[in-house]
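S.K.: Build the 3D model from these lines:
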Amino acid sequence: MIDICGRDDMLDLLRNSARKGALPGVLLFLGQPGSGKFSTALWLASLVNCQADVGKPCGECILCRKIERLNSPDLLIVRPDPDTWNIKLEQARGLASETCFAPIESGRKVCVIKDADRMTEEASNALLKILEEPPSYMLFILTATDSSLMLPTVVSRCFRFRFSDLSDKIIAERLITNRRLPPSEAGILSSISCGSLGTALAFADNPEKMNRRIKLMELLTELHVISSFSLSVKLDGLCGSPSDFIFIKNIILTWLRDLILSKTGADFGRFINYDFDSRLREQSANVSFESLREIASFMFEIGKASEYNVNPVFCADWLFQKIWLVFSSGLDSGRKGEIFG
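M.R.: The predicted structure follows:
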């Protein structure tokens with residue numbers, strides 16, 4: 001059974017639209033990674049094809065089981081190419097060809113385009129006609145994090161659903177119930193997941209991911225006391241893929257937010273990384289608000305660069321060196337001699 005957390009109102013709306021025959025042929029699910037967009041797309045694919053006719057996916061009929069296992073011939077899933085991190089023209093053309101054929105065993109053929117904001121302009125243009133007038137047997141579900149990265153002509157053809165961030169309380173309860181985590185650990189994971197249940201579950205299921213987050217936070221909270229050479233050594237092997245860079249960037253954003261809160265004297269309970277409370281407070285005493293604004297501008301620059309497929313290893317190294325320079329430039333001469341010399 002496909003399990004979706006905290007989206008009851010949205011599921012009710014989709015269920016009622018499907019029951020009335022008013023479900024749009026092209027949907028766009030918007031939200032941060034891990035917010036449940038893909039799971040909801042599979043739930044909807046099961047809903048419109050379920051053989052039980054009980055008003056929701058039964059999870060037991062052959063069509064529901066095939067969709068959940070991703071082996072239905074009438075479920076098409078398009079993902080970004082792992083090498084280029086984009087959905088390319090050839091993929092779009094292949095999808096357009098597939099839509100010419102009616103479902104083999106289901107009532108509706110469902111196409112899920114994951115990370116549609118990674119479609120190239122050529123791929124987007126190749127799908128415009130089919131998205132404007134999809135066959136009656138087709139249901140397109142696009143998922144994306146940022147619709148501003150998509151062609152406006154594609155977005156305008158979609159009925160949009162916004163997946164808002166879940167509360168820390170909802171995420172922590174799910175971790176305690178489904179993963180049997182102690183409340184203290186569930187609290188930390190819910191905080192650092194920033195409203196994304198998928199991110200929290202990934203941390204819970206992958207201890208190595210949690211260890212990487214701890215190492216990153218240790219590195220970030222010592223940037224004001226290490227040398228450039230030490231930083232270079234610690235950066236070696238830190239980032240090797242686009243997904244690694246996204247992970248690193250998200251951790252840096254939580255660290256930056258916590259530093260800003262610490263500068264304002266906020267209670268540690270408001271920190272995302274509250275397990276690093278003392279280190280964050282010490283570090284915030286060594287940086288000005290102006291420097292934090294400068295770091296925020298670096299985050300914006302690197303975000304724009306990543307849209308153009310700049311090497312993720314270069315992006316990560318550049319970002320850390322830039323942040324380190326902000327801290328080193330704010331040190332007094334005695335402290336600089338201690339680090340550099």
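S.K.: Low-confidence stretches in this protein?
M.R.: 303-310, 330-341 (pLDDT under 70).
S.K.: Walk me through the domains of the chain.
M.R.: 8-162, 206-340 (automatic domain parsing).
S.K.: OK, contacts around Phe320?
M.R.: Leu219, Leu223, Leu231, Leu235 (Cβ atoms under 8 Å, 6 or more residues apart in numbering). (C-beta placed from N, C-alpha, C; glycine too.)
S.K.: and among the domains of the chain, the most buried is which?
M.R.: domain 8-162 (a mean of 17; mean count of other Cβ atoms under 10 Å).
S.K.: chain center to that one, what's the gap?
M.R.: Centroid separation for domain 8-162 versus its chain: 18 Å, with Cα atoms, centre = their mean, to the nearest Å.
S.K.: Contacts for the helix ranked longest in the chain next, please.
M.R.: Looking across the chain with DSSP state H, the single longest helix is helix 242-263. Contact with helix 242-263 is made by 33, 85, 192, 194, 209, 212-213, 216-217, 220-221, 238-239, 270-273, 276, 280-281, 283-284, 287, 289, 292, 295-296, 299, 302-303, 306, 312-313, 315-316, 319, 323, as judged by Cβ under 8 Å, 6+ apart.
S.K.: which ones among these are found in strands?
M.R.: Residues of the contacts of helix 242-263 located in strands (DSSP state E): none.
S.K.: Which pair in the contacts of Phe320 has the greatest spatial separation?
M.R.: Greatest spacing in those, by Cβ to Cβ: Leu223 and Leu235 (11.3 Å).
S.K.: show me where the stretch 51-200 of the chain has helices.
M.R.: 62-68, 89-98, 121-132, 152-155, 168-179, 183-192, 197-205 (DSSP state H, counting those that start in this stretch).
S.K.: other SSEs contacting the second one?
M.R.: Looking back up the chat, that one is helix 89-98. strand 75-78, strand 109-113, helix 121-132 (3 or more Cβ pairs under 8 Å, 6 or more residues apart in numbering; DSSP states H and E).
S.K.: Which residues are in contact with the residue lying closest to Met119 once chain neighbours are set aside?
M.R.: Leaving out its chain neighbours, the residue that sits closest to Met119 by Cβ to Cβ, 6 or more residues apart in numbering is Ile87, at 4.3 Å. The contact partners of Ile87, by Cβ under 8 Å, 6+ apart, come to Val78, Arg79, Pro80, Asp81, Ile113, Asp115, Ala116, Arg118, Met119, Thr120, Ala123.
S.K.: go with 7 Å
M.R.: Each residue near Ile87 by Cβ atoms under 7 Å, 6 or more residues apart in numbering is listed here: Val78, Pro80, Arg118, Met119, Thr120, Ala123.
S.K.: Can you convert those into CSV and add a column each for distance to Thr40?
M.R.: Output for the contacts of Ile87, formatted as CSV (distance: Cβ to Cβ, whole Å):
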residue, distance to Thr40
Val78, 17
Pro80, 19
Arg118, 19
Met119, 20
Thr120, 25
Ala123, 23
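S.K.: which one of these sits closest to Ile104?
M.R.: Nearest member of these to Ile104, counting by Cβ to Cβ, is Val78, at 18.3 Å.
S.K.: What separation do you get for the residue lying closest to that closest one once chain neighbours are set aside and Ser147?
M.R.: Among residues not flanking Val78 along the chain, Ile113 sits closest, at 4.7 Å (Cβ to Cβ, 6+ apart). For Ile113, the distance to Ser147 equals 13 Å [Cβ to Cβ, to the nearest Å].
S.K.: Nice, that's everything, thank you.
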